[in-house]
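> from the sequence below, what's the structure:
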Amino acid sequence: MKLIRHGRPEQEHPGIILNDRKYDVSAFGEDYNEAFFASNGLARLAEFVQANESQLPELSDDVRLGSPVARPSKIVCVGLNYADHARETGATPPPEPVLFFKSTTALVGPNDAIIIPKNSVKTDWEVELAVVIGRRASYVDEAEAHEYIAGYALHNDVSEREFQLERSGTWDKGKGCDTFAPIGPWLATPDEIPDVDNLRLWLSVNGQMMQDGTTANLIFRIPFLVSYISQFMTLLPGDIISTGTPAGVGLGFNPPVYLKPGDVVELGIDGLGASRQQLRAYAKD
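Prediction:
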């Protein structure tokens with residue numbers, strides 16, 4: 001299945017994609033949140049869709065999409081998980097996964113604007129494969145990790161490099177700004193992605209290709225990451241793991257290239273669709 005959420009920000013309704021068309025499933029009565037995933041929601045949704053497919057309201061092509069997952073308990077990110085990206089940033093590929101968090105208030109829809117934070121001069125892009133957790137996960141064995149995955153989604157791990165690298169402390173300062181986690185357009189269940197270890201992921205800025213990589217080059221693969229992270233924290237249903245970015249981020253250019261108001265970022269992953277974000281300057285409400 002391909003799950004979407006549509007409608008006004010903070011008021012999204014559940015939906016689904018069938019045969020490349022978008023449908024509303026509000027009659028199912030549940031949002032795609034922790035309670036949904038924890039209560040066998042994917043299977044129950046599949047049964048609902050099968051029983052009601054002919055009656056589902058079709059959505060317009062231009063309907064606004066939100067994140068395909070309602071705000072989770074946490075967004076756990078993996079840094080330097082592609083060797084080429086580690087090299088371009090001057091870092092050594094790590095012996096164990098580098099973990100950091102994005103604030104859940106950074107979560108936005110796949111085509112929403114990215115707001116350049118107040119006082120930012122180094123806002124950057126990162127196309128990433130996101131993993132959505134389907135079951136409560138604690139001390140998971142790597143061999144069983146696939147049983148805890150609800151699906152996959154496209155994620156732009158937007159980053160402010162000065163906040164991240166020059167302001168002391170952890171990376172989180174430059175990762176959790178508002179609008180810094182556009183996710184979607186959809187959540188694809190694992191059966192939709194037959195080879196998650198061989199997906200092309202790409203990103204362009206103003207039509208110029210910046211990143212063009214493959215998940216075949218992940219240093220730490222998804223089952224290992226699910227198991228590893230679960231050794232340090234409990235992952236709850238609906239939680240998101242963002243698995244890292246390939247080479248081609250603005251920080252890696254000489255001189256570095258950063259985003260400015262009016263820029264357009266487009267990105268995609270095989271089987272997970274594409275998204276588009278325009279950059280806007282911060283303005284006080």
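
> who does the closest residue in space to Asn217 that isn't next to it in sequence bridge with?
Nearest non-adjacent residue to Asn217, counting by CB to CB, 6 or more residues apart in numbering: Tyr82, 5.3 Å away. (Glycine included, C-beta is placed from N, CA and C.) Note on Tyr82: beta-bridge partners by DSSP bridges are Leu218.

> now swap in Ile116 and tell me
Note on Ile116: beta-bridge partners by DSSP bridges are Ala281.

> contact partners for it?
By CB atoms under 8 Å, 6 or more residues apart in numbering, Ile116 lies in contact with 123, 259-261, 279-282.

> can you pick the most crowded of these?
Thr123 (25 neighbours; other CB atoms under 10 Å).

> make TSV out of the contacts of Ile116 and add distance to Ala130 and pLDDT.
What follows is those, written out as TSV (distance: CB to CB, whole Å; pLDDT from 0 to 100):
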residue	distance to Ala130	pLDDT
Thr123	20	98
Leu259	20	98
Lys260	26	98
Pro261	26	98
Leu279	21	98
Arg280	23	98
Ala281	27	97
Tyr282	25	97
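
> between those residues, which is nearest Glu162?
Looking at the contacts of Ile116 and their distance to Glu162, the nearest is Thr123, at 9.2 Å (CB to CB).

> got the contact list for the residue nearest to the closest one when sequence neighbours are not counted?
The spatial neighbour of Thr123 that comes closest, neighbours along the chain excluded (CB to CB, 6+ apart), is Leu259 at 4.6 Å. Counting by CB under 8 Å, 6+ apart, Leu259 touches 114, 116, 123-125, 205, 250, 265, 279.

> same question, Gly184
The neighbours of Gly184, taking CB under 8 Å, 6+ apart as the test, are 4-5, 65-68, 109-110, 153-154, 273, 275.

> same check on Gly271?
Going by CB under 8 Å, 6+ apart, Gly271 touches 152, 188, 192-193, 199.

> same thing but at 10 Å, please
Listed by CB atoms under 10 Å, 6 or more residues apart in numbering, the contact set of Gly271 reads 2, 152, 154, 186, 188, 192-196, 199-200.

> inside strands: which ones of these?
2, 152, 154, 188, 200 (DSSP state E).

> packing partners of the helix or strand of the chain with the lowest mean pLDDT?
Each helix and strand of the chain was given a mean pLDDT (mean pLDDT, DSSP states H and E); the minimum falls on helix 83-88 at a mean of 81. If you count contacts as 3 or more CB pairs under 10 Å, 6 or more residues apart in numbering; DSSP states H and E, helix 83-88 packs onto strand 208-214.

> Ile4 falls within a strand, correct?
Yes: per DSSP: H, G, I helix; E, B strand; the rest coil, Ile4 lies within a strand segment.

> nearest to Thr214 among the contacts of Gly184?
Checking the contacts of Gly184 against Thr214 with CB to CB, the nearest one is Leu154 at 14.5 Å.

> check what pLDDT the nearest residue to that closest one once chain neighbours are set aside gets.
Of all residues not flanking Leu154 in the chain, Leu272 sits nearest, at 4.5 Å (CB to CB, 6+ apart). At Leu272, the model reports a pLDDT of 98.

> report how many residues lie close to Leu272.
By other CB under 10 Å, 28 other residues sit near Leu272.

> ok, it touching Pro185?
Yes: shown here, Leu272 and Pro185 form a contact pair, counting by CB atoms under 10 Å, at 8.0 Å.

> intersection of neighbour lists for these two?
2, 68, 110, 153-154.

> roughly how far apart are the residue nearest to Leu154 and Ser26?
24 Å (CB to CB, to the nearest Å).

> Trp202 too?
33 Å.
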